[in-house]
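Engineer: Whatever this is, show me its structure:
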Amino acid sequence: MAYTEAERLKRHERYIRNREKIKSQSREYYLKNIEKYREKHNEYYQRNVEAMRVNHMSWARSNRKRMRKISKKYYLKNPEKCHARRALASAVKRGAVVRPKTCSRCGRIGKIQGHHHRGYSFPLDVLWVCVPCHVLLDGRANFLAAESALHPR
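Structural biologist: Numbering: from 1, shown residues only. Predicted coordinates for the structure are as follows:
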């Protein structure tokens, strides 16, 4: 539907006058239908996961200063977590810890991650699990629907 310039200006003025009401109605509708929005997001992500990864990497390369700032902020907020991850990565690289090819929870072959099940105080004590199992073990509830679609039991 194409609007003339006069119609477009009239609609914009009406929006400006009622901005707060429209925003609150939009927010209310979103909260009422949050599951529908999450489902749409998960479907979009599954269809475009590779393109999203490429876009993110491109953005990160062109925004190095900002990425450094974000990383530093994360490290200052989570020093124990960062230390544990670095220690595990270093141990894997040295060969002191061997990353298995299969998930220790379900046996799936794929990208295997270390899950610090006893906490970050024990950096080398990990369960080696696939991404969907890691999501389940961490209790990230909003990803459970996507996990069940990706990784049926």
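Engineer: now this structure, which segments are flagged as low pLDDT?
Structural biologist: Scanning the chain for pLDDT under 70 picks out 1, 140-153.
Engineer: for it, what spans make up the helices?
Structural biologist: Listed in chain order, the helices of the chain (DSSP state H) span 5-17, 19-32, 34-62, 64-77, 79-94, 131-138, 144-150.
Engineer: how about those, which one is nearest Leu124?
Structural biologist: Evaluated over the helices of the chain, closeness to Leu124 peaks at helix 79-94, with 5.7 Å, by C-beta to C-beta. All C-beta spots, glycine's among them, are computed from the backbone N, C-alpha and C.
Engineer: Quick check: buried residues in that closest one?
Structural biologist: Buried residues in helix 79-94, defined by neighbour count with 16 or more other C-beta atoms under 10 Å: 84, 87-88, 91.
Engineer: which other residues reach it?
Structural biologist: 74-75, 97-99, 114, 116, 120-124, 126 (C-beta atoms under 8 Å, 6 or more residues apart in numbering).
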